[in-house]
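In: Sequence and computational prediction follow.
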Amino acid sequence: MAAGSPGNPNYPYAGAHFALELGKEQDAGLFKSIEGGGVKTDVMTYQQGGNYDRWRQLGKVKFEDIKVQVGMSMTDIFYKWIDDFFAGTANRKDGAIVAADFFYNVRARREFKAAMIKELAFPKFEGKDNSPAYMTVTIAIEDMVFSAGDNKKMDQANIQAQKSWTSNNFHFTIDDFEATTDECVKVDGFTVKQNIVEYHSGGRRGPTLTLSAIDFPNLTFYIPEPHAKPLLDHYAKTGMRDAGSVAAEAKDYLHGSLVTFDNAKTEQFTLHFFNALILSATPDKAESSTEDTKLIKFDLFVERMDFKNLRNTATGAPSAAAKG
């Protein structure tokens with residue numbers, strides 16, 4: 001049999017299809033790309049007395065974070081993992097990264113242990129951008145083993161769902177300013193980060209990973225200037241006081257949500273944010289030759305966020321939570 005034949009289990013293949021397993025034989029879905037997940041070991045060098053010879057041996061092992069780009073093709077077990085991430089719950093997962101060739105035959109596995117989500121990066125959302133949107137999920141792991149695939153067919157059920165979420169399918173609103181923020185034309189990309197502390201103990205070559213504080217980012221969004229006055233007035237009241245004035249009151253804090261949809265306008269997930277205040281309001285650069293809509297850029301600080309999956313990944317229909 002020729003070395004390049006698909007019937008030969010050892011033939012070289014291009015990285016074409018990937019899947020994530022969480023737990024024993026629980027398929028978490030397909031994703032667009034993967035990077036990282038390598039293994040590196042420190043080298044310790046010794047020199048004794050006046051001897052110029054040096055001795056070396058392997059020291060602590062380090063496992064690189066895994067970064068995966070995902071669309072809407074993941075399953076409920078994956079989205080529940082994201083829910084726990086936003087709640088600050090240390091939900092450790094064993095699983096595997098599965099790689100398949102062009103014919104969806106599984107060719108390689110990277111099995112990991114005690115994995116936790118470290119970062120979740122959301123793409124930008126823009127009304128005039130209809131390109132596919134993907135989240136980037138960074139996963140920290142405590143151990144990894146490389147193994148060969150079994151050459152079985154990979155499940156292809158959710159491939160189309162991977163491309164069904166585009167950057168222009170979103171709805172950004174702030175409570176009490178919904179009529180204003182309904183006109184939002186763009187939300188910049190942002191990243192939620194979970195700080196992870198490495199703890200080295202005993203004879204373990206690798207560290208134990210422990211969760212620390214979660215860092216919620218500022219949100220940046222854009223409103224056409226004719227619709228921005230209510231938010232500008234709110235900023236004038238809460239952010240532009242005299243130096244001797246009192247701090248913002250509880251009623252001044254803003255809460256809102258970012259809801260995403262697929263191409264059929266079925267709700268996918270909602271990101272709620274709480275206890276926000278406007279940090280800055282910046283008008284677009286004015287140019288006599290431009291035909292673009294004049295926008296006001298707003299920055300919000302946010303104290304807390306939560307994530308709710310609204311899509312039943314088994315059926316593709318809105319979940320019970322989405323129906324309310």
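Out: Here it is on my side, so go on.

In: Pull out the buried positions in stretch 131-146.
Out: Within stretch 131-146, the residues that qualify as buried are 133-144, counting by 16 or more other CB atoms under 10 Å. Where C-beta positions appear, they are placed from N, C-alpha and C, glycine not excepted.

In: how long is that stretch from one end to the other?
Out: Chord length of stretch 131-146, first to last residue, is 34 Å (CA to CA, to the nearest Å).

In: how far does it sit from the chain's center?
Out: 9 Å (CA atoms, centre = their mean, to the nearest Å).

In: Now do the host helix or strand of Thr180, average pLDDT.
Out: Using DSSP states H and E, the element containing Thr180 is helix 178-181. The average pLDDT within helix 178-181 is 91.

In: Which strands and helices lie in contact with the helix or strand that it is followed by?
Out: Helices and strands here follow DSSP H and E; after helix 178-181, the next one along the chain is strand 186-187. In this structure, strand 186-187 packs against strand 125-126, strand 219-224, with contacts taken as 3 or more CB pairs under 8 Å, 6 or more residues apart in numbering; DSSP states H and E.

In: what element comes up after the shortest one heading to the C-terminus?
Out: Beyond strand 125-126 on the C-terminal side, the first helix or strand identified by DSSP H and E is strand 135-140.

In: Remind me what that following strand packs against, helices and strands.
Out: strand 66-70, strand 106-122.

In: For the spatially most central residue of the chain, give me its contacts.
Out: With distances taken as CA atoms, centre = their mean, the residue of the chain nearest its centroid is Leu120 (2.6 Å). The contact partners of Leu120, by CB atoms under 8 Å, 6 or more residues apart in numbering, come to 82, 85, 135-138, 191-192.

In: Report the beta-bridge partners for it.
Out: Val137, Val192 (DSSP bridges).

In: Give me the pLDDT for it.
Out: 94.

In: same question, Asp143
Out: 86.

In: Quick check: it touching Ala115?
Out: No. Using CB atoms under 8 Å as the test, Asp143 is too far from Ala115 to be in contact (9.3 Å).

In: CA atoms only: put the helix or strand hosting Ser212 into PDB for me.
Out: Element membership for Ser212, per DSSP H and E: strand 208-215. Only the C-alpha atoms of strand 208-215 are listed here, as PDB (Å, rounded to 0.1, in the frame of the first residue of the first chain):
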ATOM      1  CA  THR A 208      -0.800  22.000  40.800                       C
ATOM      2  CA  LEU A 209      -2.900  24.800  39.300                       C
ATOM      3  CA  THR A 210      -5.100  26.900  41.700                       C
ATOM      4  CA  LEU A 211      -7.600  29.500  40.800                       C
ATOM      5  CA  SER A 212      -7.200  33.100  42.000                       C
ATOM      6  CA  ALA A 213      -9.200  36.300  41.300                       C
ATOM      7  CA  ILE A 214     -11.100  36.700  38.000                       C
ATOM      8  CA  ASP A 215     -10.500  39.800  36.000                       C
END
